[in-house]
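*Asks:* Test case, fold it:
(chains A, B, C and D)
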Protein chains: 4
Amino acid sequence: MKSTNIAELEKTTGLLWKKILSGSKFIKEIMDGNATKVLYAIYMIETFHYTKHNARNQALVGVRSQNVSDRYIAYCFHHANEETGHENMALRDIRSLGFDVSLISQMRPLPATETLTAYLYWISVQGNPVQRLGYSFWAENVYSYIDPVLRALQETLGLQDSNLKFFIAHASIDQAHAEEVQRMILDNCKTDQDFGDVKYVLENTLSLTGRILDDVWDEYEKFRKNDSNRYEFLRDTKLRK
Amino acid sequence: MKSTNIAELEKTTGLLWKKILSGSKFIKEIMDGNATKVLYAIYMIETFHYTKHNARNQALVGVRSQNVSDRYIAYCFHHANEETGHENMALRDIRSLGFDVSLISQMRPLPATETLTAYLYWISVQGNPVQRLGYSFWAENVYSYIDPVLRALQETLGLQDSNLKFFIAHASIDQAHAEEVQRMILDNCKTDQDFGDVKYVLENTLSLTGRILDDVWDEYEKFRKNDSNRYEFLRDTKLRK
Amino acid sequence: MKSTNIAELEKTTGLLWKKILSGSKFIKEIMDGNATKVLYAIYMIETFHYTKHNARNQALVGVRSQNVSDRYIAYCFHHANEETGHENMALRDIRSLGFDVSLISQMRPLPATETLTAYLYWISVQGNPVQRLGYSFWAENVYSYIDPVLRALQETLGLQDSNLKFFIAHASIDQAHAEEVQRMILDNCKTDQDFGDVKYVLENTLSLTGRILDDVWDEYEKFRKNDSNRYEFLRDTKLRK
Amino acid sequence: MKSTNIAELEKTTGLLWKKILSGSKFIKEIMDGNATKVLYAIYMIETFHYTKHNARNQALVGVRSQNVSDRYIAYCFHHANEETGHENMALRDIRSLGFDVSLISQMRPLPATETLTAYLYWISVQGNPVQRLGYSFWAENVYSYIDPVLRALQETLGLQDSNLKFFIAHASIDQAHAEEVQRMILDNCKTDQDFGDVKYVLENTLSLTGRILDDVWDEYEKFRKNDSNRYEFLRDTKLRK
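*Replies:* Coordinates of the predicted model:
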């Protein structure tokens, strides 16, 4: 694959992020300075849930890949190794706000989160073995897009870096990862079909991630209106803004 | 599980269908009498793609289920047996309109179709072993909801029953299946959790199916505007309305 | 595949059975009229363990098969349906002798049993999709080979047909199954490679089954010498011969 | 788990190796100074076949493990990464003897090799998640047992270290791995059951490996008697001793 293709993936990523960020009530609430700890916690609970599976489905790509380079298989296992346990950073960030996290791992994720998780396993266990790189392509390189959101969140809630370890740790890890992903794409995508499959997965995984923001927002609305008891453990009034 | 729960599942199904049918441009086009053979074909191509996996993921529930009744496991295999090859009915219906179907099985499904497929495998291979019954609950009982759409389609395009074999055959098979599904739910859902998991899967699989209608509509728009060459093989002018 | 190939599979099966039956101390003990209820029970415990997986790995063949006839896929699911729960017949037979069966499902199978089980999953989930027919070929047609052993067992221990339901029920079911298996082999083996793969699996699965007899014998010896406490629940003196 | 348990695993390993090495005609031939390049090649072909799967089934342990430490999951992925592509060392060693290796990857492994492979997947995807450590325990520490065999082979055939890269490379890698495996066992085996499962897998995987030596010997005998055309590509007379 040529570097012009990388540019096309970058352009696609940018357009999709723009669509997601501009259409999301969740993002608007934060950018308007109205974020609350509960809103952030509800989002981080879902982050915990899908992150828990990322090392696993990444490793599955290596397990089942045939007719790819050993270097790509090794990359899958190496990357899985590095991502192992990162969901616990999400949990620690929620706890750092003062919330009780003991029930979180037993909660069923929201539908959009479960759908993204399902899709990541699906594209990892069948189809073109290189296609999961389309997910890594955008997921290892989100900070230019979400940085303003993280800043707004931090400012509104007076959060320290120690309350956003998941995002801040990944921001630095992901820089190296993003370069590795680009190299893997350039080395392992040989055909237009390969490139098309990477792009397809990029688009669908980013869209499905956008839907998590919508599900989080809907749950937050229900929480505020007392229409749901899903997040009773976040109702400690000392913490609610 | 009690029969009041079945009533709740029916109510949930009805509300979701109402939302899907009333919000879909695809449905509106058909109900307005503006359906074309191409619109129907694009939809049936996606039907082919997800149907191809239904027997398989149904069987997987039986393969992996522990601590459920033998009768439920046997049901999974029996039902998989009955659904095997039904995707070919969808293909035959497309061919019956005069279209060339030779390329269809090699096409990558639209993102919403691939997402539904991925989700059906996911809920089949892990989580509560009874949860897939939530999908069967609505999927084996769609005709009261889509019957007016099928009639409008048939009338606008002058289609015979032989052009809609997939739907017409299922309408009669599914009556028996729907009763079996209800019995399986009543026999195998012992707890509120079981019922909640069935309902969760009902809602998410029906919502994800609704999104297929949206993807189909978007592709149809691109086709009409010549913005995509995905369906070049449907452009035979004799067949386009 | 031609019927001459079926004859070759039959010949291979006969030779392997002869080797297994003539070399097995377990079989010799029974044919010499020295069987005990404990010996039979130890064997049936292992029968329980591998039978528990047979419907499941059979169904997996249908789940993963590509480029085979729908009829073969449907056969896999249909056959899985029919085999579901048969392990409970083995358990009932053990109970019918007066033994307590409550601990059996929690016991880890003997190594040879676990190895056969592992191998059946392996040949079901990868490789030539028709190869598992090599297992079914001999497994659905064992009675001409083991009938003398069953008679000796029954005579020595004074067992009724109700104490051997697993074998007696299968004897009648399997007649129809054996014919179906032959038809599936004839219909679905198109190449020498297909035939070779069926034969390979026939030989290896029958050999691995022979090793279960050896493991059972070794455990029986340990039981008699009080060298193992694995079967303490079979030590009820009223039942030991 | 206590270090006394490690001692027990070591003792079990030693006893099993003694039994395998003393009972194997394959080993005797080599120790008697009668090894040939063909004998070595037939063995290395099987080594190629099972090694090809080792990184993959190792990674699967990490993919499916629940309720184990993140460190153990990370170890599985890390170890998989390190083992990726090692089968190619086996291939290079065969090529270094002058043989044509182009057909090897398409050959079906011998039954004993396929059985070991199947078993390693089985114990990796279900059962006690720590049990595969029983395989690693002996497999990462074979050199004290097989060193005399390798020396005899090298002397008889006049082989350089560059003809035995698979074994020589592993000898040095495995020293570090063996320590890591012991640490993983000590850290992750909490109960007698855990220890029992590790020991069970140690014994069965080492026994199944011993059977590969028997299958290799049987094929070598057939090769010498011209009873099989499986290894025609090894018949180049310049290379046969």
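*Asks:* mind listing what's buried in the least confident helix or strand in chain A by mean pLDDT?
*Replies:* Within chain A, no helix or strand scores below helix A:165-188, which has a mean of 89 by mean pLDDT, DSSP states H and E. Buried residues in helix A:165-188, defined by neighbour count with 16 or more other Cβ atoms under 10 Å in any protein chain shown: A:165-168, A:170, A:174, A:177-178, A:180-182, A:184-185, A:188. No exception for glycine: its C-beta is placed from N, CA and C like everyone else's.
*Asks:* What of stretch A:136-144?
*Replies:* Neighbour-count burial for stretch A:136-144 [16+ other Cβ under 10 Å]: A:Ser136, A:Phe137, A:Trp138, A:Ala139, A:Glu140, A:Asn141, A:Val142, A:Tyr143.
*Asks:* can you pull the contacts of the first one?
*Replies:* A:Ser136 is in contact with A:Gln58, A:His79, A:His177, A:Val181, A:Met184, counting by Cβ atoms under 8 Å, 6 or more residues apart in numbering or on different chains.
*Asks:* Looking at those residues, which is nearest B:Leu9?
*Replies:* A:Gln58 (36.3 Å; Cβ to Cβ).
*Asks:* so the closest one is in which element?
*Replies:* helix A:37-64 (DSSP states H and E).
*Asks:* Just the closest of the buried residues of stretch A:136-144 to C:Leu153, please.
*Replies:* A:Ser136 (60.4 Å).
*Asks:* And the pLDDT for the closest one?
*Replies:* Looking at A:Ser136, its pLDDT is 97.
*Asks:* Also A:Lys238?
*Replies:* On the pLDDT scale, A:Lys238 gets 65.
*Asks:* quick one: A:Ala112 from A:Lys190, how far?
*Replies:* Per Cβ to Cβ, to the nearest Å, A:Ala112 is found 34 Å from A:Lys190.
*Asks:* name the helices or strands packed onto the lengthiest helix in chain A?
*Replies:* Across chain A, the longest stretch assigned as helix under DSSP state H is helix A:192-224. Judged by 3 or more Cβ pairs under 8 Å, 6 or more residues apart in numbering or on different chains; DSSP states H and E, helix A:192-224 is in contact with helix A:3-23, helix A:25-31, helix A:37-64, helix A:111-125, helix A:133-139, helix B:111-125.
*Asks:* now do 10 Å
*Replies:* Applying 3 or more Cβ pairs under 10 Å, 6 or more residues apart in numbering or on different chains; DSSP states H and E, one finds that helix A:192-224 contacts helix A:3-23, helix A:25-31, helix A:37-64, helix A:111-125, helix A:133-139, helix A:165-188, helix B:111-125.
*Asks:* before we move on, the earlier item: near chain D at all, the helix holding A:Gln58?
*Replies:* Yes - interface with chain D: helix A:37-64 contributes A:His53, A:Ala55, A:Arg56, A:Asn57, A:Gln58, A:Ala59, A:Leu60, A:Val61, A:Gly62, A:Val63, A:Arg64 (Cβ under 10 Å from any Cβ of the partner chain).
*Asks:* what's the angle from that helix to helix A:192-224?
*Replies:* 150 degrees (axes from the mean of the first three to the mean of the last three Cα atoms, to 10 degrees).
*Asks:* Give me the next element, helix or strand, following helix A:37-64.
*Replies:* helix A:70-83.
*Asks:* And stretch A:86-105, end to end?
*Replies:* Separation of the first and last residues of stretch A:86-105 by Cα to Cα, to the nearest Å is 14 Å.
*Asks:* residues of it that come out buried?
*Replies:* So, applying 16+ other Cβ under 10 Å, buried residues of stretch A:86-105: A:86-94, A:97, A:99, A:101, A:104.
*Asks:* Stretch A:155-168 too?
*Replies:* A:Thr156, A:Leu157, A:Leu159, A:Asn163, A:Leu164, A:Lys165, A:Phe166, A:Phe167, A:Ile168.
*Asks:* for these, which one is nearest C:Arg230?
*Replies:* Using Cβ to Cβ, those come closest to C:Arg230 at A:Phe166, 48.8 Å.
*Asks:* which residues touch that closest one?
*Replies:* Neighbour list for A:Phe166: A:44, A:47-48, A:51, A:86-94 [criterion: Cβ atoms under 10 Å, 6 or more residues apart in numbering or on different chains].
*Asks:* which one of the contacts of A:Ser136 is nearest chain C?
*Replies:* A:Gln58 (21.2 Å; Cβ to the nearest Cβ).
*Asks:* Flag the shaky bits of chain A, pLDDT-wise.
*Replies:* A:1-2, A:237-241 (pLDDT under 70).
*Asks:* Contact residues of it facing chain C?
*Replies:* A:Arg64, A:Gln126.
*Asks:* what does chain A put close to chain B?
*Replies:* Going by Cβ under 10 Å from any Cβ, the residues of chain A near chain B are A:108, A:110-112, A:114-123, A:125-128, A:193, A:196-197, A:200-201, A:203-205, A:207-208, A:211.
*Asks:* Now do the same contact list for A:Leu153.
*Replies:* A:30-31, A:33, A:35-37, A:39-40, A:43, A:146, A:159, A:163-164, A:167.
*Asks:* let's go with 6 Å and repeat that
*Replies:* A:Ile30, A:Ala35 (Cβ atoms under 6 Å, 6 or more residues apart in numbering or on different chains).
*Asks:* before we move on, what SS does it have?
*Replies:* helix (DSSP: H, G, I helix; E, B strand; the rest coil).
*Asks:* State the distance from it to chain C.
*Replies:* Taking Cβ to the nearest Cβ, to the nearest Å as the measure, A:Leu153 falls 45 Å from chain C.
*Asks:* One more: A:Tyr231?
*Replies:* In terms of Cβ to the nearest Cβ, A:Tyr231 sits 38 Å off from chain C.
*Asks:* Point out the residues in chain A that sit beside chain D.
*Replies:* Chain A comes close to chain D at residues A:56, A:59-60, A:62-63, A:70, A:73-74, A:77-78, A:80-81, A:84-85, as judged by Cβ under 6 Å from any Cβ of the partner chain.
*Asks:* Kindly recompute the last result at 7 Å.
*Replies:* A:55-56, A:59-60, A:62-63, A:70, A:73-74, A:77-78, A:80-81, A:84-85 (Cβ under 7 Å from any Cβ of the partner chain).
*Asks:* What count of nearby residues applies to the residue nearest to A:Glu219 when sequence neighbours are not counted?
*Replies:* Excluding the flanking residues, the one nearest A:Glu219 by Cβ to Cβ, 6 or more residues apart in numbering or on different chains is A:Ile42, at 5.7 Å. Close neighbours of A:Ile42, defined as other Cβ atoms under 10 Å in any protein chain shown, add up to 23.
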